[in-house]
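>>> next one to model:
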Amino acid sequence: MAGETCCVCNKSIAGAARMFGGRSFCDDHYARLGQNRRGMWLAMLVLIIGLAAFVAAVFFGAPALRTNLQGPWLTIAGLLLALVPAAAWLGVFYLQDRAEPEPKQFVIGVFILGVLLAAAVGQPLIQDVFGVNKWAGGSLFLQLLAGICIVGVTQEFLKYAAVRYSIFRSVEFDERIDGIIYGAAAGLGYATLLNVQYVLQNGGVDLGIGAVRIAVIALAHASFAGVTGYFLGRAKFENRGPFWLPAGLLLAAILNGVVSTLLSEITRSGLRPTPLNGLIFASVVAAATFLTLFIIMRRSARPGAASA
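Down below sits the predicted model:
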């Protein structure tokens, strides 16, 4: 159809437009719809494997470190541990995604926005306004209900907002897979705030147990936000209807609530994160994360999936 404009760059299209998902594309941006970002794959794989190795190294080295780290130094060490997952993901992603990397300032900006929204809105709303910790621990039903309807919805909406109301309309958001990339950045930002808050509230952390918690929280929140990012990526480039994005948020909130409840029940049952079961649990979360993102990204990389 002549006279159309590209839905990504808004430039006039000379000749017939390339159509996909009910939207018009120029030749350049139509070609990008089927790209599979190798850097994203490798960054997530390294994050999963690297964090498992990181947890093992810190856990087994913790006894020696405890004798040398006391008081504020233990807090500083905990804060550094809280930054490791995001630093690892961002570092590997940019080392591997050299062909057509996302602008660093946008990915880092979405990460920081995730941190700020968690600190200014998410945690005060969950802890102070709803007071979830005061009433949701009485039964498994209440815990799951609060985990999905309050904690899950609040956290996942804020990660969604970090992408939807910042980079989403930019011409730099020019591939469906960008939704997953920016979603993971927002999720890691939110997870970083949760981990930093955990360290500060406890005046430092036991380095072994702290490393396990930091790894699990980071992987879980990156995967939840990656699911929402997938829905965002398809919503930008396809006419998916009014219920598409709410469905993505609901799915992410359910995953968030179920995983959070599982974590709490494991702790309540007395299953302490020893080196063996801590690494096993982290590996299970990591495997689920990788498998979910693998399926999502494969579907997101196929233009023919628009009708799926």
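>>> pLDDT weak spots in the stretch 101-250 of the chain?
The model of the stretch 101-250 of the chain has pLDDT under 70 over residues 101-102, 204-208.
>>> please, where are all the helices along it?
Counting by DSSP state H, counting those that start in this stretch, the segments of the stretch 101-250 of the chain that form helices are 104-117, 123, 132-135, 140-146, 153-164, 178-201, 207-237, 244-268.
>>> so can I have a markdown table of those showing distance to Ala53 and mean neighbour count?
Yep, even glycine has a C-beta here, placed from its N, CA and C like the rest. As requested, those are exported to a markdown table (distance: least, Cβ to Cβ, whole Å; neighbours: other Cβ atoms under 10 Å):
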| stretch | distance to Ala53 | mean neighbour count |
| --- | --- | --- |
| helix 104-117 | 23 | 19 |
| helix 123 | 30 | 18 |
| helix 132-135 | 33 | 12 |
| helix 140-146 | 32 | 16 |
| helix 153-164 | 27 | 24 |
| helix 178-201 | 18 | 26 |
| helix 207-237 | 10 | 26 |
| helix 244-268 | 21 | 18 |
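>>> which one of those lies nearest to Leu291?
Judged by Cβ to Cβ, the one of the helices of the stretch 101-250 of the chain that comes nearest to Leu291 is helix 207-237, at 9.5 Å.
>>> tilt between that closest one and helix 178-201?
Helix 207-237 runs at 150 degrees relative to helix 178-201, counting by axes from the mean of the first three to the mean of the last three Cα atoms, to 10 degrees.
>>> distance check, Val199 against Tyr182.
Going from Val199 to Tyr182 by Cβ to Cβ, to the nearest Å gives 26 Å.
>>> repeat for Leu90
12 Å.
>>> what do the two both touch?
Val107 (Cβ atoms under 8 Å, 6 or more residues apart in numbering).
>>> OK, contacts around Ile126?
Val132, Ile150, Val151, Thr154, Gln155.
>>> redo that, cut-off 6 Å
Shown in contact with Ile126 (Cβ atoms under 6 Å, 6 or more residues apart in numbering): Val132, Val151, Thr154.
>>> which of the residues in the helix or strand containing Leu90 are buried?
According to DSSP states H and E, Leu90 maps onto helix 72-96. For helix 72-96, burial by neighbour count (16 or more other Cβ atoms under 10 Å) applies to 74-75, 77-78, 81-82, 84-86, 88-90, 92-93, 96.
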